[in-house]
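*Asks:* Give the three-dimensional model of this entry:
(one chain, ligands or ions: 2)
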Amino acid sequence: MEELKTIIRDIPDFPKKGILFKDITTLLADAKSYHRMVDLIAHRYFGQNIAQVVGVEARGFVLGAALAYKLGAGVTLVRKPGKLPYRTRKQTYQLEYGEDTLEIHEDALQPGTRVVIADDLLATGGTVAAVYELVTSLGAEVVECAFMTELTFLNGRQRLPADKVFSLLQFD
Ligand SMILES: O=P(O)(O)OC[C@H]1O[C@H](OP(=O)(O)OP(=O)(O)O)[C@H](O)[C@@H]1O
Ligand SMILES: Nc1ncnc2[nH]cnc12
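*Replies:* Ligands and ions are numbered 1, 2, ... in the order given. The predicted structure is shown next:
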């Protein structure tokens, strides 16, 4: 895991002064590291009847789609406002460096569908808490929220039930 962590690049003061941005593009571009990261996360959910992976725009799509393919699941998109064409549910939230809104199609998930929510990074947890709310409001069952990386010092996991968070790489 230490090897995977070193491939992630730190960018100070992006997108705002005081934020240390974890740039995962370097990990994604490295074929061996990207495949290893996806394989390690997917392994956790084999045999668990995951029907859908919910990917969070935009970086969450890169993990979510690969994970869904490995698990034989479908992909459900949670997108930034105004991008989904059909009727949507919306949730506004705070994240480490601002405020945003996310949307899901109101017919995207059937009640009882077993889902994994996938995103690249857990920081304050505002984003994933909003996605969790959207997904559960449709009646789906969240098996777990899976992240490539977690900034543990921001305590984002406290925004979710204790048994619903998994991150592959942690930064203290
Ligand atoms: O835990 P939080 O404090 O909510 O922050 C984490 C979120 O921030 C980033 O998304 P961003 O909104 O920057 O979007 P992007 O994936 O489109 O770059 C990241 O991909 C997570 O979704
Ligand atoms: N520090 C950070 N680095 C990368 N993505 C983020 N999303 C929220 N906080 C972030």
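
*Asks:* For residue 24, the count of nearby residues, please.
*Replies:* Residue 24: 21 surrounding residues under other C-beta atoms under 10 Å. C-beta here means a position set from N, CA and C on the backbone, and glycine is covered the same way.

*Asks:* do residue 43 as well
*Replies:* Residue 43: 9 neighbours (other C-beta under 10 Å).

*Asks:* Look up how far residue 172 lies from it.
*Replies:* Going from residue 43 to residue 172 by C-beta to C-beta, to the nearest Å gives 24 Å.

*Asks:* Likewise for residue 90?
*Replies:* For residue 90, the distance to residue 172 - C-beta to C-beta - is 34 Å.

*Asks:* for ligand 2, what are the nearby residues on this structure?
*Replies:* 19-22, 95-96, 121, 123, 151 (C-beta under 6 Å from any ligand atom).

*Asks:* For the longest strand along the chain, list every residue counted as buried.
*Replies:* Counting residues, the longest strand found in the chain (DSSP state E) is strand 141-151. By 16 or more other C-beta atoms under 10 Å, the buried positions in strand 141-151 come out as 142-151.
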